[in-house]
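1. Need coordinates for the following:
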Amino acid sequence: MLTHSNQSFRLPRKTLGAAWAIALGAIAPMLDSTMINIAINPLNQAFHTTLDMIQWAITGYILALAIAVPVSGWLMNRYNGKRIFIGAVVAFGLMSILVGISWDIASFICFRLMQGFSAGIITALMSALLVKTAGPDHLGKVIAIVSTPMILGPILGPVIGGIIVQMASWHWIFFINVFILCIAVPLMIRYIPDFEPFDQDSRLDLPGILLLSAISASLIYGITKAARYASFYNHETVWWIAIGLMLIAVYMAYDHFRRHRTVLPMNLFVHRRFAASSAGLFLANMAIMGPMLILPLFFQNFRHFTAIESALALIPQGVGMLITRPLIGIMIDRIGARYVVIVSLVLALIGSIPMVFINDQTSMFWIALLLFIRGTSVGGIMLPLTSDAYTGLDSRQIPEASIGINIIENLGSSFGSAVIAAIVAGTAYTGQSAANVNIEGYQGGFLMSAVILVMIFLPGMLLTHKNNN
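-> Alright, predicted model coming up:
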């Protein structure tokens with residue numbers, strides 16, 4: 001009986017080899033997105049630029065990643081999934097080299113956009129290929145195995161980035177991707193099976209993708225202009241945000257004309273759970289991912305930490321995420337998404353509000369404790385909102401909803417980075433002393449994060465719940 005159980009648990013060698021090859025191809029983009037925050041100060045110095053410009057390398061990467069999500073679905077429908085995945089991994093490696101040899105901030109941002117697009121195809125295809133490779137009988141076991149290094153990313157990424165920046169230079173944050181991919185690509189060629197196209201008659205909604213891209217770019221550009229004027233009430237910010245709002249109206253008209261056969265169908269938002277989850281995920285990514293941009297800067301500029309020390313200071317947040325993640329699914333099933341989100345939001349605020357008052361004299365013990373508390377809340381906010389988005393949808397709407405949720409999450413991250421970078425960078429134009437300006441800017445960034453967390457209570461109250469009576 002025991003032997004039979006062990007045999008049933010073991011995965012076929014081909015399945016396991018394919019799963020690890022797919023996961024290995026996705027490790028480089030995952031690490032890259034977490035390492036760059038540690039290198040913001042060296043990048044500012046290397047390109048003689050400011051935070052509001054450097055943040056475009058992060059925001060643009062995430063935006064390009066969001067745009068790639070629907071494109072990756074179309075590519076997998078039309079072409080061999082294995083070839084598309086390997087091609088995207090090779091493209092990511094080539095773009096990493098170009099990012100590493102960038103000669104000015106414009107080339108750096110441009111190559112980061114292309115790198116982000118290839119990363120978006122990799123991460124989107126990874127899930128689909130894992131599902132196809134494992135099949136329904138082994139999917140849970142495969143996900144449990146290959147997700148482990150992904151969960152460790154928030155902890156290991158900054159530490160690896162800090163070591164590279166301090167021991168070598170910021171260029172090697174990108175060059176190291178090439179070594180990882182030189183190992184991954186031969187394994188992918190050998191172990192990943194061919195995947196026939198799913199639907200060769202599928203069409204790409206290019207106008208919809210371009211409209212969503214233009215909406216995001218204009219709104220974020222308007223936000224970054226606020227940093228130049230140290231105010232969100234200036235003619236350029238107002239002008240670009242007005243353009244973004246006008247383009248939203250154009251997209252809604254386009255969606256109506258196409259009878260909701262678009263990349264992000266508006267009729268999905270008729271479903272209360274999807275609408276609430278979408279709003280919550282957009283705000284949550286703003287509140288959680290935005291401060292990731294400024295935390296390393298705070299440690300480097302005010303505590304005078306090295307890159308490695310800054311990365312180590314972020315570990316408590318990653319540990320908090322790691323500890324609570326296994327419990328989230330159990331709690332959602334037991335009490336429902338609403339209560340998990342509400343409790344997690346309270347935890348997030350306990351860890352965030354005191355951050356508004358930190359300065360260069362604040363004890364590192366208290367900062368580490370606050371980061372740990374923030375970390376414990378992340379999974380409890382994100383996972384219930386994501387799972388509840390699909391409640392009540394027709395099975396035919398699930399693929400569209402999946403793409404939509406992915407886009408919304410990435411847009412939230414982009415907006416969070418842009419808004420908080422604008423708040424921090426904008427204080428440089430107030431004419432106060434440098435120390436006070438910078439401290440107030442960082443405190444303002446954490447305050448914005450706390451305010452956005454409070455706003456998530458409203459969509460959180462609309463999620464499903466379970467009565468144990």
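
2. Tyr251: what's it in contact with?
-> Gly208, Leu211, Leu212, Ile215 (CB atoms under 8 Å, 6 or more residues apart in numbering). Where you see a C-beta, it was placed from the backbone N, CA and C, and this is true even at glycine.

3. Test my guess that the third one contacts Met266.
-> No: between Leu212 and Met266 there is no contact under CB atoms under 8 Å: 11.9 Å.

4. rewinding a little: just the closest of the contacts of Tyr251 to Ile62, please.
-> Ile62 lies nearest to Leu212 out of the contacts of Tyr251, by CB to CB, at 13.5 Å.

5. before we move on, which element is that closest one in?
-> Using DSSP states H and E, Leu212 sits within helix 206-229.

6. Next, the buried residues of that helix.
-> For helix 206-229, the neighbour count (16 or more other CB atoms under 10 Å) marks 208-209, 211-212, 215-228 as buried.

7. ok, then the element right after it?
-> Per DSSP H and E, the first helix or strand lying C-terminal to helix 206-229 is helix 235-257.

8. What residues sit buried inside that following helix?
-> In helix 235-257, counting by 16+ other CB under 10 Å, buried: Thr237, Trp240, Ile241, Ile243, Gly244, Leu247, Tyr251, Tyr254, Asp255.

9. State the pLDDT value of the second one.
-> If you check Trp240, the pLDDT there is 89.

10. Who are the contact partners of the residue lying closest to it once chain neighbours are set aside?
-> In space, and not counting its chain neighbours, Trp240 is closest to Gly222: 3.1 Å by CB to CB, 6 or more residues apart in numbering. By CB under 8 Å, 6+ apart, the contact set of Gly222 is Glu236, Thr237, Val238, Trp239, Trp240, Ile241, Ile243, Gly244.

11. go on, Leu393?
-> Counting by CB under 8 Å, 6+ apart, Leu393 touches Leu268, His271, Phe274, Ala401.

12. Three-state assignment for it, please.
-> coil (DSSP: H, G, I helix; E, B strand; the rest coil).

13. Return the distance of Ala425 relative to Ile353.
-> Counting by CB to CB, to the nearest Å, the separation of Ala425 from Ile353 is 23 Å.

14. More neighbours: which of those two?
-> Counted by other CB atoms under 10 Å, Ala425 and Ile353 do not tie: Ala425 has more neighbours, with 22 against 16.

15. does that one really touch Gly444, like I thought?
-> No: taking contacts as CB under 8 Å, Ala425 lies outside contact range of Gly444: 10.7 Å.

16. Tell me who's in contact with Thr391.
-> So Thr391 contacts Arg273, Phe274, Thr464 (CB under 8 Å, 6+ apart).

17. now swap in Glu196 and tell me
-> Glu196 neighbours (CB under 8 Å, 6+ apart): Asn80.

18. do Ser169 as well
-> By CB under 8 Å, 6+ apart, Ser169 lies in contact with Pro42.

19. where does it land in three-state SS?
-> Assignment for Ser169 (three-state DSSP): coil.

20. Next, give phi and psi for it.
-> Main-chain dihedrals, Ser169, degrees, to the nearest 10: phi -160, psi 170.

21. all helices of the stretch 1-150 of the chain, in order?
-> Secondary structure of the stretch 1-150 of the chain (DSSP state H, counting those that start in this stretch): helices at 2-9, 13-35, 40-47, 51-78, 81-100, 105-151.

22. Find the residue ranges of the stretch 151-300 of the chain scoring beneath the pLDDT cut-off.
-> Residues of the stretch 151-300 of the chain meeting the criterion pLDDT under 70: 151-154, 198-201, 227-233.

23. let's see it at 80
-> Along the stretch 151-300 of the chain, segments meeting pLDDT under 80 span 151-157, 195-203, 224-234, 293.

24. Also the stretch 1-150 of the chain?
-> Residue ranges of the stretch 1-150 of the chain with pLDDT under 80: 1-16, 33-34, 50-52, 55, 73, 76-77, 127-150.

25. How about the stretch 301-450 of the chain?
-> 325-326, 329, 333, 391-400, 402-403, 421-422, 424-439, 441.

26. got a list of what Val454 touches?
-> Listed by CB under 8 Å, 6+ apart, the contact set of Val454 reads Leu349.

27. After whichever strand or helix holds Ile439, which helix or strand is next?
-> Here Ile439 sits within helix 434-455, counting by DSSP H and E. Using DSSP H and E, the helix or strand that follows helix 434-455 towards the C-terminus is helix 457-460.

28. which other residues reach stretch 375-388?
-> Contacts for stretch 375-388 (CB under 8 Å, 6+ apart): 273, 276-277, 280-281, 284, 288, 316-325, 328-329, 331-332, 337-338, 340-341, 343-345, 347-348, 351, 405, 456, 459-460, 463-464.

29. Actually, stretch 271-282.
-> 268-269, 341, 381-382, 385-386, 388-393, 401, 404-405, 408-409, 411-412, 415, 456, 458-460, 462-464.

30. Put the alpha carbons of it into CSV.
-> The C-alpha trace of stretch 271-282 is given here as CSV (Å, rounded to 0.1, in the frame of the first residue of the first chain):
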residue,chain,number,x,y,z
HIS,A,271,-20.0,41.0,-12.7
ARG,A,272,-19.7,42.5,-9.2
ARG,A,273,-16.9,40.1,-8.0
PHE,A,274,-14.8,40.7,-11.0
ALA,A,275,-15.2,44.5,-10.8
ALA,A,276,-14.4,44.5,-7.1
SER,A,277,-11.4,42.2,-7.5
SER,A,278,-10.1,44.3,-10.4
ALA,A,279,-10.3,47.5,-8.4
GLY,A,280,-8.8,45.9,-5.4
LEU,A,281,-5.9,44.3,-7.3
PHE,A,282,-5.1,47.6,-9.1
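
31. Just the buried residues of that stretch, please?
-> Using 16+ other CB under 10 Å as the test for burial, stretch 271-282 gives His271, Arg273, Phe274, Ala276, Ser277, Ser278, Ala279, Gly280, Leu281, Phe282.

32. Make CSV out of the residues you listed and add distance to Tyr61 and secondary structure.
-> Listed next are the buried residues of stretch 271-282 as CSV, based on distance: CB to CB, whole Å; DSSP: H, G, I helix; E, B strand; the rest coil:
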residue, distance to Tyr61, secondary structure
His271, 31, coil
Arg273, 30, helix
Phe274, 27, helix
Ala276, 28, helix
Ser277, 24, helix
Ser278, 22, helix
Ala279, 24, helix
Gly280, 23, helix
Leu281, 19, helix
Phe282, 18, helix
